[in-house]
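*Asks:* quick one, what's the 3D model for this:
(2 chains)
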Amino acid sequence: DAGITQSPRHKVTETGTPVTLRCHQTENHRYMYWYRQDPGHGLRLIHYSYGVKDTDKGEVSDGYSVSRSKTEDFLLTLESATSSQTSVYFCAIRQGAPTDTQYFGPGTRLTVL
Amino acid sequence: TQLLEQSPQFLSIQEGENLTVYCNSSSVFSSLQWYRQEPGEGPVLLVTVVTGGEVKKLKRLTFQFGDARKDSSLHITAAQPGDTGLYLCAGARGSNYKLTFGKGTLLTVNP
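*Replies:* Numbers count the residues shown, from 1 in each chain, chains lettered A, B, ... in the order given. Purely as a prediction, here's the structure:
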């Protein structure tokens, strides 16, 4: 258990509405990640952070933005949700050298109607 | 381009059978992780392998990292229904602190 929580755990929203998902960690890890998991695609990286206010894009970043104003919280925002963003979203932290192992949160299931 | 190919995609076996899941790539990885995921939960780390040729055992699970650090395998001996789940491999490459994931192997062990 890497002390990662995600909120909310489930959310149903309508197309066009903004949505923010929160990832919270208690162990002061520098690197945090947001993934989405879809059938047939596996886990795909959306955005990641390598420190407070330091973020970068992953392979599927279009339509998403992130913010990290303090070490323990990493927020993922869908500015205007679309049905294609219906997915399960996972947050992860990187344990560090030399293994680059990542530990995952419990996930948020998001449905966009 | 899928950098990590996992096979098989689906596997349904009877309790007590042995099985092997493969994770292959043309790229070299500095480390490789195996995760197990149950429905409604996040992936849980099983093992990390770092050295080419490394073999790690976790009870009935044996993990091997290829000599060239391009491939890995997971072998389960005498599978049990509790082994049912999605098995994911993920590779890290040097100073790029991002993981490349395979698409997973969905294992069902029938009683």
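
*Asks:* longest strand in the chain, by number of residues?
*Replies:* I'll assume chain A. strand A:42-51 (DSSP state E).

*Asks:* wrong chain, I was asking about chain B
*Replies:* Under DSSP E, chain B gives strand B:85-93 as its longest strand.

*Asks:* tell me the angle the helix or strand following that one makes with strand A:42-51.
*Replies:* Using DSSP states H and E, the helix or strand that follows strand B:85-93 in sequence is strand B:96-101. Taking axes from the mean of the first three to the mean of the last three CA atoms, to 10 degrees, one finds strand B:96-101 and strand A:42-51 inclined to each other by 170 degrees.

*Asks:* check which helices and strands strand B:96-101 sits against.
*Replies:* If contacts are counted by 3 or more CB pairs under 8 Å, 6 or more residues apart in numbering or on different chains; DSSP states H and E, strand B:96-101 sits against strand A:42-51, strand B:85-93. Glycine gets a C-beta too; all of them are placed from N, C-alpha and C.

*Asks:* buried ones in the worst-scoring helix or strand of chain B on mean pLDDT, by neighbour count?
*Replies:* When the helices and strands of chain B are scored by mean pLDDT, DSSP states H and E, strand B:96-101 comes last with a mean of 82. Applying a neighbour-count criterion of 16 or more other CB atoms under 10 Å in any protein chain shown, one finds B:97, B:98, B:99, B:100, B:101 buried in strand B:96-101.

*Asks:* quick check, nearest of these to residue A:68?
*Replies:* Nearest to residue A:68 among those: residue B:97, at 14.9 Å, using CB to CB.

*Asks:* circling back: what mean pLDDT would you report for the longest strand of chain A?
*Replies:* Mean per-residue pLDDT for strand A:42-51: 93.

*Asks:* same deal with stretch B:16-34?
*Replies:* The average of the pLDDT scores along stretch B:16-34 is 94.

*Asks:* show the end-to-end separation of that stretch, please.
*Replies:* Using CA to CA, to the nearest Å, the end-to-end distance of stretch B:16-34 comes to 22 Å.

*Asks:* still on that earlier bit, now the longest strand of chain A and strand B:85-93, what's the angle there?
*Replies:* Going by the same axes, to 10 degrees, strand A:42-51 makes 50 degrees with strand B:85-93.

*Asks:* partners of strand A:42-51 in the sheet?
*Replies:* strand A:32-38 (antiparallel), strand A:54-57 (antiparallel) (DSSP bridges).

*Asks:* out of the ones you listed, which is the most enclosed?
*Replies:* Mean neighbour count (mean count of other CB atoms under 10 Å in any protein chain shown) peaks for strand A:32-38 among those, with a mean of 24.

*Asks:* ok, the residue most central in space within chain A to residue A:12 distance?
*Replies:* Centroid-nearest residue in chain A, with CA atoms, centre = their mean: residue A:34, separated by 2.8 Å. Using CB to CB, to the nearest Å, one gets 20 Å for the distance from residue A:34 to residue A:12.

*Asks:* low-confidence ranges, chain B, go.
*Replies:* Where chain B drops to pLDDT under 70, the residues are B:1-2, B:94-96.

*Asks:* would you mind naming what in it lies close to chain A?
*Replies:* B:30-31, B:33, B:35, B:40-45, B:48, B:50, B:88, B:90, B:92, B:97-99, B:101-104 (CB under 8 Å from any CB of the partner chain).

*Asks:* recalculate using a threshold of 6 Å.
*Replies:* B:31, B:33, B:42, B:43, B:48, B:50, B:92, B:97, B:99, B:101, B:103, B:104 (CB under 6 Å from any CB of the partner chain).
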